[in-house]
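Enquirer: sequence and computational prediction follow.
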Amino acid sequence: MGVFGSEIHIVTFLISLFEITLFFYQVVYYLSRPEDKRRLYYLILLYLLIQYNLISGLLPDPNLSLDLVVQNILAFSVALVMAMYFPLYFYKAYDLKGLKFYAYGGSLVFLLVPFVFFFLVPYLITQDLELSRRIVVVVPFLYGLSFLYSLRRAISLKNKEGEDINKNEILGMYIGVMFWCSLPIIAFFETNLNTALQPIMHFHNGSQVVEVVATNCGLLVITVLFIRRTVKESRAEYKLLQELNSDLSLKISERTRELELANEQRTHTFINLAHETKTPLMLINNYLQDYIAQNGQSKELNIIKTNIDKLSTDIVNFFDIERVHKGFSLYDHSRPVSLSKILTECLEIFKPYAAKKGIEIQSTIAEGLVVDADAQALTRIINNVIENAIKYTHVPEQIEVRAWQTDDEVVWMVKDNGVGIARELCQHIFIPYYQIKSAKKSSQGMGLGLTIVKMIVDGLQGKIEVASDAAQGPGTEVKITLNKSKKAEAAVEAPMLEAKSLPDIDISDLVDLVNDDERPIIMIVEDNLSLLVYMIEKLKDMYNIYVCKSGNEALEKLKTIDRLDLIVSDVMMDDGDGLTFFHEISKQRRYRHLPLIFVTAKHTVEDKLEALSMGAIDYLHKPFLMDELVIKINSLLKNIQRQRNALVDAASRMIMYYAADSKTRCNGKSDLEHNCKYYTLSDR
């Protein structure tokens, strides 16, 4: 009963077909978990068995063109390979160290050697398959019995090592090995089996069915053992994973709680610090107001007041953020107020400040725009948005402010032509403490202003939209939409609160002051305009000063300067930071000799060591005393002058030594003066 006209029996074919399906399923499972070596060993065994079933079932076949002798050798060879791998499988898959000899040397000695000398050689000489088959199976049969005995000892050894093997698993291994040991017996009586089974099966290869059934029953037992162990290990892994997950969740929960407590403690510390700062600031501000009222205003007092107001605003913003996070409401939005009036009055305050910077504010504000809101909240929104527009607008340019209403909404918009914001960052600007640029900008704050704006707009159930794309071009448009008040006819004009103080830096103060050839020349690079004006004011009577607001501006200005003695530079600046600036001038032969003093708010030891390792002369932390900077500059310049004098003196002595024979004199002048003039040297 052959399949497709071949010698393979239908039973052999069906068993092989089932095993091929199982093989591909196990391959997919192994590819998903390649670290599972036990499955790999099982796959090899399954493949060898399929190969054995098909080849030994198909061969020998008289209808094939291949010589029958070669066919018989090939059929017995695949049986040999499978038999040699069987001990190796048990040794590897069950980690039975007692089977090491059988896994390697035993199979070579008791299977391969008998195959060569008791089957291959006699068969090639005598062409008697029956005789060769009977001779070759004797040693493998005895080897199989020995392996069965050694298997028991290997299992006992493993149990003694503390790795108990289940009794059912042990029984299954014995059954699988006994089926394997039966193969030499079946091969020995193959002819007798064919004769006995011919009347029953009506097929001359009845022994093939017996051999395949015996072999694959062994595989079936091994497969059951393999699946049973796999399921057991999977359950153990799942249980361990659940325990680890539970432990991990507990640890994460504990760690989260620790971080929350630490964060809460830090927040309380900051709140307490801010709270303790508010009272001194209030007193300073009040005394300053009284002093200004009695003695009049000056540029210096205005700068002091502006920075006090900025610090006060940052502290108030910080407090408000924390209040909102704790669920408190900042404002009472139950009263109708005129947005038209508040917006107009705020713009009147900003227009002179913008004009001083060369920026024109154009406004179109409709009359009768009324919303239900707190007047102070609206003022705060307007101040933040317009001040940002002025801060980032290119000059000379203009800012457009428009306000109008629809049936149910009041809309106002501020549009500038500033540097713009990357489209993907537009929503991030409302996150507390978020700042688009990591480097410090002279006008940069704590990153809370727009967060407060967003919170107020959300509290008014309105919406704020930012339209900007720095990649496409400059400019940012901020549009705020609020609900129109239903009490417009009964609107009460809320009293206007004073807008925050604005920085009043005179651009004319930021000019180079180089007008005295006898004075040393220094360059100041600082992007905080208030500090820059202050430093100029304090140093202008002692030095010639070049003024730069960024590292890149300083690099450009250096190209036009013939002489410079010293540089004082900030570190954190947007348009070319101080470290990059110093690195660039250090690469140029013309400037690399220039001494540099850093003044910065970066206080870490690593920052200081980085600057000093680059060659900076000194590193002053902000806030610093101006007198300290002046003393350091004077001391450094005196040392430089002494070094110059020493160099000129040494050069003069060398010149006089080589010019002694010429007896050079010049109308009574000293040799030093004459030689310096002759060789174009200067003690400056």
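Expert: Good, I have the coordinates.

Enquirer: low-confidence ranges in the stretch 101-250 of the chain?
Expert: 164, 197-206 (pLDDT under 70).

Enquirer: again, only using 90
Expert: For the stretch 101-250 of the chain, the stretches flagged by pLDDT under 90 are 127, 129-130, 133-134, 148, 152, 154-250.

Enquirer: helices of that one, start to end?
Expert: Using DSSP state H, counting those that start in this stretch, the helices of the stretch 101-250 of the chain run over 107, 113-114, 121-126, 129-136, 138-160, 167-188, 190-201, 206-295.

Enquirer: buried deepest among those, which one?
Expert: Across these, the average number of neighbours (mean count of other Cβ atoms under 10 Å) peaks for helix 107, which reaches a mean of 23. C-betas here are computed from N, CA, C, even on glycine.

Enquirer: give me the residues contacting that helix.
Expert: Ala83, Met84, Pro87, Leu88 (Cβ atoms under 8 Å, 6 or more residues apart in numbering).

Enquirer: repeat that for 10 Å
Expert: Applying Cβ atoms under 10 Å, 6 or more residues apart in numbering, the contact partners of helix 107 are 80-81, 83-88, 101, 113, 140, 143, 147.

Enquirer: with stretch 219-238 instead?
Expert: Counting by Cβ under 10 Å, 6+ apart, 15, 19, 22, 26, 29, 36, 38-39, 41-42, 45-46, 48-50, 53, 82, 86, 89-90, 93-94, 165-166, 168-180, 213, 216 sit against stretch 219-238.

Enquirer: pull the helix or strand with minimum mean pLDDT from this structure.
Expert: helix 671-678 (a mean of 53; mean pLDDT, DSSP states H and E).

Enquirer: which of the contacts of helix 107 lies closest to Asp512?
Expert: Leu88 (88.1 Å; Cβ to Cβ).

Enquirer: my guess is the closest one is in a strand, correct?
Expert: No: with DSSP: H, G, I helix; E, B strand; the rest coil as the criterion, Leu88 is helix rather than part of a strand.

Enquirer: that one and Cys181, how far apart?
Expert: Remark: distance between Leu88 and Cys181 (Cβ to Cβ, to the nearest Å) = 16 Å.

Enquirer: can you check Leu108 too?
Expert: 19 Å.

Enquirer: with Tyr238 instead?
Expert: Between Tyr238 and Cys181 the computed distance is 37 Å (Cβ to Cβ).

Enquirer: do Val70 as well
Expert: Distance from Val70 to Cys181, by Cβ to Cβ: 28 Å.

Enquirer: doesn't Ser207 make contact with Asn194?
Expert: Yes: with contact defined as Cβ atoms under 10 Å, Asn194 counts as touching Ser207 (5.0 Å).

Enquirer: quick one: the strands in the stretch 501-650 of the chain?
Expert: 521-525, 544-548, 566-570, 596-600, 618-621 (DSSP state E, counting those that start in this stretch).

Enquirer: in a markdown table, list those strands along with mean pLDDT, distance to Gln641 and mean neighbour count.
Expert: As requested, the strands of the stretch 501-650 of the chain are exported to a markdown table (pLDDT from 0 to 100; distance: least, Cβ to Cβ, whole Å; neighbours: other Cβ atoms under 10 Å):
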| stretch | mean pLDDT | distance to Gln641 | mean neighbour count |
| --- | --- | --- | --- |
| strand 521-525 | 93 | 13 | 24 |
| strand 544-548 | 93 | 15 | 22 |
| strand 566-570 | 92 | 11 | 24 |
| strand 596-600 | 89 | 17 | 22 |
| strand 618-621 | 86 | 17 | 16 |
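
Enquirer: out of those, which is closest to Leu347?
Expert: Per Cβ to Cβ, nearest to Leu347 of these: strand 544-548, 31.5 Å.

Enquirer: what is the distance between that closest one and the centre of its chain?
Expert: With Cα atoms, centre = their mean, to the nearest Å as the basis, strand 544-548 stands 41 Å off its chain's centre.

Enquirer: what is it packed up against?
Expert: strand 521-525, helix 529-539, helix 551-558, strand 566-570 (3 or more Cβ pairs under 10 Å, 6 or more residues apart in numbering; DSSP states H and E).

Enquirer: let's see it at 7 Å
Expert: Judged by 3 or more Cβ pairs under 7 Å, 6 or more residues apart in numbering; DSSP states H and E, strand 544-548 is in contact with strand 521-525, helix 529-539, helix 551-558.

Enquirer: among those, which is nearest Ile308?
Expert: helix 529-539 (11.5 Å).

Enquirer: pLDDT on the closest one, on average?
Expert: The predicted model assigns helix 529-539 a mean pLDDT of 84.

Enquirer: how about it: buried residues?
Expert: Within helix 529-539, the residues that count as buried by 16 or more other Cβ atoms under 10 Å are Leu529, Ser530, Leu531, Leu532, Val533, Tyr534, Met535, Ile536, Leu539.

Enquirer: and if you look at stretch 632-642?
Expert: Buried positions in stretch 632-642, judged by neighbour count with 16+ other Cβ under 10 Å: Lys632, Ile633, Leu636, Leu637, Ile640.

Enquirer: report the two of those separated the most.
Expert: Lys632 and Ile640 (12.5 Å).

Enquirer: now the contacts of helix 107 as a markdown table including distance to Leu343?
Expert: Converted to a markdown table, these look like this (distance: Cβ to Cβ, whole Å):
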| residue | distance to Leu343 |
| --- | --- |
| Leu80 | 97 |
| Val81 | 92 |
| Ala83 | 96 |
| Met84 | 93 |
| Tyr85 | 89 |
| Phe86 | 91 |
| Pro87 | 92 |
| Leu88 | 88 |
| Phe101 | 96 |
| Val113 | 103 |
| Pro140 | 102 |
| Tyr143 | 101 |
| Phe147 | 97 |
